[in-house]
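[1] let's see this in three dimensions:
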Amino acid sequence: MFKKTWRIVLLFAAITLLAAVGVFLARRGRAPAIDCGPQEPGRGFEELIKELSLVSDQTRRLRDFRDLHHTQLKDLSAKQTHLQDALIAELRKPQPSREALNEIITAINRLQKEAQEGVVAHLLRVKEILTPSQQDIFFDIIGRRMTAPKTEESPGRFLRRP
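    A predicted model of the protein is given here:
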């Protein structure tokens, strides 16, 4: 009975691992058509400034926050790329180590968690410079963006493959 349960658990773990790898590989090649890094804010950012009716000091601070946030995400993205390459290298081996695969996936998950926490910290920094009415507009916009259907131009991923 114990061996049968153990086999089922291992089978479930293997299926879960393969599904996770499939998701990572499927998302790996998608990248937005426009990279709005720190040097070029992009259309969405400029529209946000207009919709919020920001004053010049708010705009400057928001740009600074945004540039810092994007720099942090690019660092995480580079680390994720390295881990995804290691994942593929391990999968290509004749006998991939499940332990190594699990370690890589755990590291990728940590990076994704760190990215999500960074986004929340960024949103809280932005909230601090907005008036209460601007905050309402800002979080309405963010809410729409988070729940909008994803497209190839806007996959909605925090970590992107460069």
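
[2] helices of the chain, residue ranges please.
    2-28, 43-52, 56-92, 98-129, 132-147 (DSSP state H).

[3] would you agree I142 is in contact with V120?
    No. At 10.9 Å, I142 does not count as touching V120 under the criterion of CB atoms under 8 Å. C-beta: built from backbone N, CA, C; applies to glycine.

[4] who has more neighbours, those two?
    More crowded of I142 and V120, by other CB atoms under 10 Å: I142, with 14 against 10.

[5] OK, contacts around that one?
    Going by CB atoms under 8 Å, 6 or more residues apart in numbering, I142 touches L123.

[6] do that again at 10 Å, thanks
    The contact partners of I142, by CB atoms under 10 Å, 6 or more residues apart in numbering, come to 48, 119, 123, 126.

[7] restricted to buried residues, select those residues in PyMOL.
    To isolate the buried ones among these in PyMOL, judged by 16 or more other CB atoms under 10 Å, type:
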select buried, resi 48+119+126
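
[8] how about the contacts of I142 in CSV, adding distance to D64 and pLDDT?
    Conversion of the contacts of I142 to CSV gives the following (distance: CB to CB, whole Å; pLDDT from 0 to 100):
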residue, distance to D64, pLDDT
L48, 15, 85
V119, 17, 90
L123, 15, 92
V126, 11, 92
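
[9] count the neighbours of S77 for me.
    Using other CB under 10 Å, S77 has 19 neighbouring residues.
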